[in-house]
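>>> Attaching a predicted model along with its sequence, questions to come.
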Amino acid sequence: MPKKILAIDDENDVLLIIKTALLGEGYDVITASNGYDGLALAEDQQPDLILLDLRMPEMDGMEVLQQLRNNEKTENLAVIILTGISDKKKIREALDKGITYYIVKPFECQDLISKINLALQDIETNA
């Protein structure tokens, strides 16, 4: 059974790159183009891991992360931040909320895949 990854990003080209790269690695990929849809999919689909952009309209990634952590069904999901924000304060804030990795755009697909593989291995090791 392939691992399910939810990518939440308001940029469709980024979602397409992520989906193409991860499908090629055998992952099951679902996408959301805003925080509200992302939260609904996270609860409904129970992905193994979430890729989350911080800079999105309506609901930013930190708000999405906060709501994920405050929901019994999603509080323990692995989250990798994938964003154009390289501000050290934001990185620390995200790490304090229990994210697994913080990747700054532009990113290398192979680096993203490596981090996803490591995060999923950590989950299996700690299960």
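Everything's here; your move.

>>> What segments of this protein are strands?
Under the criterion DSSP state E, strands of the chain are mapped to 4-8, 28-32, 49-52, 78-83, 101-104.

>>> May I have the strands that pair with the fourth one, each with its orientation?
On the basis of DSSP bridges, the sheet neighbours of strand 78-83 come out as strand 49-52 (parallel), strand 101-104 (parallel).

>>> tell me the most buried of those?
Highest mean neighbour count of these: strand 49-52, a mean of 26 (counted as mean count of other CB atoms under 10 Å). In this view, the C-beta of every residue, glycine as well, is placed from N, C-alpha and C.

>>> List the contacts of it.
With contacts defined as CB atoms under 8 Å, 6 or more residues apart in numbering, strand 49-52 is touched by 3-9, 18, 38, 42, 61, 64-65, 68, 77-83, 100, 112, 116, 119-120, 123.

>>> Stretch 117-127 too?
3, 48-49, 78, 80, 100-101.

>>> Which residue is the nearest non-sequential neighbour of Gly61?
Nearest in space to Gly61, with sequence neighbours left out and distances taken as CB to CB, 6 or more residues apart in numbering, is Leu54 at 3.6 Å.

>>> now the one you found: how far from Gly98?
From Leu54 across to Gly98, the span is 15 Å (CB to CB, to the nearest Å).

>>> out of the two, which sits in the more crowded spot?
Using other CB atoms under 10 Å, the more surrounded residue of Leu54 and Gly98 is Leu54, with 22 against 14.

>>> Go ahead and confirm that one touches Ile91.
No. Using CB atoms under 8 Å, Leu54 is not in contact with Ile91, being 9.9 Å away.

>>> Which neighbours do those two have in common?
Residues touching both Leu54 and Ile91 by CB under 8 Å, 6+ apart: Ile81.

>>> Cool, thanks, talk later.
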